[in-house]
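S.K.: Please work out how this folds:
(one chain, ligands or ions: 1)
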Amino acid sequence: MTAETLPSQTARSEALFARARAVTPGGVNSPVRAFRSVGGSPRFIREAHGAYLTDVDGNRYVDYIGSWGPMILGHDHPAVRGAILEALAGGTSFGAPGEREVLLAEAVTRITGAERVRFVNSGTEATMSALRLARGFTGRKYIVKFRGNYHGHADGLLVEAGSGLMTNAEGGLGQSAPSSAGVPEEYARLTLVSEYNDPAALDTLMRERGHEIAAVIFEPVVGNAGVLIPTPEFLAALHRVRDAGVLLIADEVMTGFRLSLNGATGLLGLSPDLTCWGKVIGGGLPVGAYGGRADVMDRVSPQGPVYQAGTLSGNPLAMAAGLATLAVLEADPGIYGRLEAYTSRLAEGLKSAAREAGVPVSVNQIGSMLTAFHQDAQDGSVRTYADAARSDTAAFARWFQAMLGRGVYWAPSQFESIFVGAAHTDAELEITMEAARAAYAGLGE
Ligand code: PLP
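M.R.: Purely as a prediction, here's the structure:
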């Protein structure tokens, strides 16, 4: 990137942010976009193509957000755009079933082994609905989640929920349940919190209270405390929860169709009872889904007594985008290897640049997900929420700003994964590494 193209001009973004703050809480429609944990003013994006975002001032950035996961093929992929335009010509919403919903459900069941799937409009709806279903199926009230795992913003799930909540200006680190105002303690009490990657704690909880617990919901690879990778012992303990008649719900909203065609579940050899999807499954349009065992899923209305509905669920444009995305992923068996190769080279580059600058950084990477924690733990040894929380968020914030100033749009929080897409090539890696070397050198000074 040349000096003239470096993003120094931000007047239009700042003006839009001022207008946005007057009409929208905090000026954004989702908290982590507001840059509160890294400071400064968020960039307002005008358009996105391939691996790049362009903001309203005309600055271009190599994009590592990928819309927080959906854009695995890169922005404005021709196959996805074409499918959306074709669907658009036939009308935008019917309120009656259509063929694309059947096609996408067939693709999801074929790829993942789920016997039934129901489409909703977001990851939040998917997890919320899966939990209601688990309670309806088992007749039990309690659920278990893990500290620092995020499953969307349904009331009972905003408990020790990581991500935006770890860096929220009002909340901060280490807060106790519930982690949002407006969630009644009575709701939060039905959510039991255990430590991620602590098999003994989960076994104890199951022994003592398993008979009251409807489901354990978990991120099979965590993205929402930064990337945390599960140990084999923890995965084994997760499978054991079924001994107590507890349903195992894998939240693959972030990892589904990303870490492999069959998500983290496929990669790690997990066999959950229910799975939740979002992000990639909608190819950049609003889609979520939950699915799994037929005997459980057939309790969902209208087949069964667990109610769940949606005016725009199965929307034809959203289904078309999801179908096109999955078709490209399925047709290109080398794609996951290429994503992994790029991200591994990025991980190695970051480590060596940080080392040269004398900046302590610990990298967790799996497939196309990566977090570089600003702390001196060994690579791969950040395994829990508490480990992640030891990071130097002030150093991260300075590093983030230095990257942004050099045309690289990293996730604006220490406790997030970045997402690599198929449009990232050697050219983007080079720009990123040049920026990273300078950004680390700046921190080391
Ligand atoms: N579950 C996980 C693992 C997520 O990462 C997210 C969002 O980041 C959600 C659920 C919620 O999805 P949505 O933002 O589409 O409601």
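
S.K.: can we go C-alpha only for contacts and neighbour counts from here?
M.R.: Noted.

S.K.: Where does Val108 fall, secondary structure wise?
M.R.: Val108 is part of helix 99-112 when elements are defined by DSSP states H and E.

S.K.: wait, Ser41
M.R.: In this structure, Ser41 is located outside every helix and strand according to DSSP H and E.

S.K.: now Leu370
M.R.: Under DSSP H and E, the secondary-structure element containing Leu370 is strand 369-373.

S.K.: Which residue ranges of the stretch 301-445 of the chain form strands?
M.R.: Across the stretch 301-445 of the chain, reading from the start of the chain, the strands by DSSP state E, counting those that start in this stretch fall at 362-366, 369-373, 408-409, 418-419.

S.K.: how close does Leu103 get to the ligand?
M.R.: Taking CA to the nearest ligand atom, to the nearest Å as the measure, Leu103 falls 21 Å from the ligand.

S.K.: now do Ala436
M.R.: With distances defined as CA to the nearest ligand atom, the gap from Ala436 to the ligand amounts to 25 Å.

S.K.: Surely that residue and Met403 touch.
M.R.: Yes. Between Ala436 and Met403 there is a contact at 6.5 Å, judged by CA atoms under 8 Å.

S.K.: Can you tell me which of the strands of the stretch 301-445 of the chain is nearest to Leu85?
M.R.: When the strands of the stretch 301-445 of the chain are ranked by proximity to Leu85, the top entry is strand 418-419, at 26.0 Å, counting by CA to CA.

S.K.: Report the rounded mean pLDDT for that closest one.
M.R.: For strand 418-419, mean pLDDT is 98.

S.K.: Does the ligand have contacts with that strand?
M.R.: No. On the criterion CA under 6 Å from any ligand atom, strand 418-419 is out of touch with the ligand, staying 11.7 Å away.

S.K.: Output the strands of the stretch 301-445 of the chain as TSV; include the columns distance to Leu443.
M.R.: TSV is the format used below for the strands of the stretch 301-445 of the chain (distance: least, CA to CA, whole Å):
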stretch	distance to Leu443
strand 362-366	15
strand 369-373	14
strand 408-409	17
strand 418-419	20
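
S.K.: export those strands to TSV and tack on mean neighbour count?
M.R.: Converted to TSV, those look like this (neighbours: other CA atoms under 10 Å):
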stretch	mean neighbour count
strand 362-366	22
strand 369-373	26
strand 408-409	24
strand 418-419	27
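
S.K.: what are the ranges of the strands in the stretch 1-150 of the chain?
M.R.: Taking DSSP E, counting those that start in this stretch as the criterion, the stretch 1-150 of the chain carries its strands at 45-49, 52-55, 60-63, 116-120, 142-146.

S.K.: who in the stretch 251-400 of the chain is up against the ligand?
M.R.: Applying the criterion CA under 6 Å from any ligand atom, the portion of the stretch 251-400 of the chain that neighbours the ligand consists of 251-254, 278.

S.K.: ok, and the most crowded of those residues?
M.R.: Compared across those, Gly278 has the highest neighbour count, 33 neighbours, by other CA atoms under 10 Å.

S.K.: For that residue, give me the pLDDT.
M.R.: In this model, Gly278 is scored at 98, pLDDT.

S.K.: Thr255 is in contact with Gly263, isn't it?
M.R.: Yes. The criterion here is CA under 8 Å, and Thr255 meets it with Gly263 at 5.4 Å.

S.K.: neighbour count winner among these two?
M.R.: Legend: neighbour count by other CA under 10 Å for Thr255 and Gly263, higher for Thr255 (29 against 21).

S.K.: Which of the three states applies to that one?
M.R.: The three-state label given to Thr255 by DSSP: H, G, I helix; E, B strand; the rest coil is coil.

S.K.: Sounds good, over and out.
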